[in-house]
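Engineer: what follows is a protein structure lacking sequence information:
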């Protein structure tokens, strides 16, 4: 064997034996060193894995993602409420949602989080008259005028009419009797023409009759006036004075399958009161000169419906996306 | 009589050499064997502890994704990604999900992690509202995704 000590000495001498022994001790030391190194590596790996356990997981961000979704839902709901109540323009509503999106994104960016809120909805129009003492003519006091045209649905349609403003017809058997009496009429022009008549039918009662083109008219729905002398006619809910009205229900059923139709008021001077309705048409398609500017009656306002939002919340290790969250007016 | 330390009679040079080798080899073998066993034991414990940590992280990710999936009301997507080591305690490992029981409110699974060398198996229980699909995967970064069409979670390699 080679002499690693390099100090010489014969094989048989003490010097020589010690140097030969040194080789084995060196090999043993290297082996033990390798074991210790392995042990330290293992310890290092164990410390690293234990460190994983100490790291925060994604639970915190998951809570924040849900919070972001709820906050977005609530904020857009509030904006929708205000927009529809105050008649904001479509652009103003979308701009406000965009501002909320920017604020939320900026607040989250410092935590390494990307957020976004995108809104979509239908630009609709609300038609309303809030002046209870005004008759149901257009802004120029025309007795016959088209309220909306080419619509497939009229939603949330309600009249609050003064009983005393309505005509008292001599006969109510046929549509022509009510037409001759100039009773307030709502005309629906689709493939066929249906009419809705509102008139006085007694000392303090109001009747609603529906003409489907056949005589005699089906039985009218009658309601007693409220304490303030008005009767509520809800066309959408098919009720008169809060009670179900079969004639209005059949009109509603017809309109649901009628496709596109026009709605006109006739003898608008023979009814006084308020009304509100909305249609899925932009204000530019509805406002054709029959309506007053802000504050007047009747008027049209932007109205936003079918609103939904898409929310995303993204971190390095977590992606949360929820699309088509419905936002309904008054839900927040 | 000569002292033993200086008495070289009857002892040949090869014999002296062989004895010396034997003694040193014996000492080294005992030392290495003792240390080796200790190292093996530490590796086993280290792997087991590490796999438990990894298993708990995967279980936590499943729970997080499940919770987020419950918040999806429309069309949605959930993805939870975690960087995990490919070796734990010096061993590679495989992750499987074993269905323990199903119920109307919760599905119980065991996240089973199996190390190759040392052959260590660790099981971590997890409970989710949605069923979880996986084909098993080699350990490392994981990804849990949510399929809103089938209302299921899926776990696999990132």
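Structural biologist: That came through, no problem. Here the structure is a predicted model, which means the values were calculated and not measured. Residues are numbered from 1 along each chain as shown, chains lettered A, B, ... in the order given.
Engineer: so where do the helices sit in the chain?
Structural biologist: Unless you meant another one, I'm taking chain A. A:14-54, A:59-86, A:90-109, A:175-180, A:246-257, A:283-286 (DSSP state H).
Engineer: the chain in question should be chain B.
Structural biologist: B:13-71.
Engineer: what about it, any weak spots by pLDDT?
Structural biologist: Under the criterion pLDDT under 70, the flagged ranges of chain B are B:1-2, B:4-5, B:7-11.
Engineer: any idea which residue of chain B lies closest to chain A?
Structural biologist: Nearest residue of chain B to chain A: residue B:74, at 3.1 Å (C-beta to the nearest C-beta). Where you see a C-beta, it was placed from the backbone N, CA and C, and this is true even at glycine.
Engineer: what is the burial count for that residue?
Structural biologist: Residues near residue B:74, counting by other C-beta atoms under 10 Å in any protein chain shown, number 15.
Engineer: OK, contacts around it?
Structural biologist: Applying C-beta atoms under 8 Å, 6 or more residues apart in numbering or on different chains, we find residue B:74 in contact with A:308, A:310, A:322-326.
Engineer: look at the residue nearest to it when sequence neighbours are not counted and report its pLDDT.
Structural biologist: Closest residue to residue B:74 in three dimensions, ignoring its sequence neighbours and counting by C-beta to C-beta, 6 or more residues apart in numbering or on different chains: residue A:324, at 3.1 Å. On pLDDT, residue A:324 comes in at 92.
Engineer: these two touch, right, residue A:324 and residue B:72?
Structural biologist: No - taking C-beta atoms under 8 Å as the definition, residue A:324 is not a contact partner of residue B:72, at 9.9 Å.
Engineer: higher neighbour count, the two?
Structural biologist: Using other C-beta under 10 Å as the criterion, residue A:324 and residue B:72 rank with residue B:72 on top: 21 against 13.
Engineer: from residue B:91, how far out is the spatially closest residue to the more buried one that is not a sequence neighbour?
Structural biologist: With sequence-adjacent residues excluded and distances taken as C-beta to C-beta, 6+ apart, residue B:72 is closest to residue A:322, at 5.0 Å. With the distance defined as C-beta to C-beta, to the nearest Å, residue A:322 ends up 40 Å from residue B:91.
Engineer: which one's more surrounded, these two?
Structural biologist: Legend: neighbour count by other C-beta under 10 Å for residue A:322 and residue B:91, higher for residue A:322 (26 against 21).
Engineer: list the contacts of that one.
Structural biologist: Residue A:322 sits next to A:69, A:310-312, B:71-76 when contact means C-beta under 8 Å, 6+ apart.
Engineer: with residue A:206 instead?
Structural biologist: Residues counted as contacts of residue A:206 (C-beta under 8 Å, 6+ apart) are A:161, A:163, A:166, A:198-200, A:222-225, A:231, A:233, A:240-241.
Engineer: ok, now residue B:77?
Structural biologist: Contact partners of residue B:77, counting by C-beta under 8 Å, 6+ apart, are A:319-321, B:145-146, B:148.
Engineer: just the closest of those to residue A:23, please.
Structural biologist: Of all the contacts of residue B:77, residue A:23 sits closest to residue B:145, with 60.1 Å by C-beta to C-beta.
Engineer: residue A:178 touches residue A:197, doesn't it?
Structural biologist: Yes - counting by C-beta under 8 Å, residue A:178 does reach residue A:197; the two are 4.4 Å apart.
Engineer: now for these two: what residues contact both?
Structural biologist: A:185, A:209, A:211.
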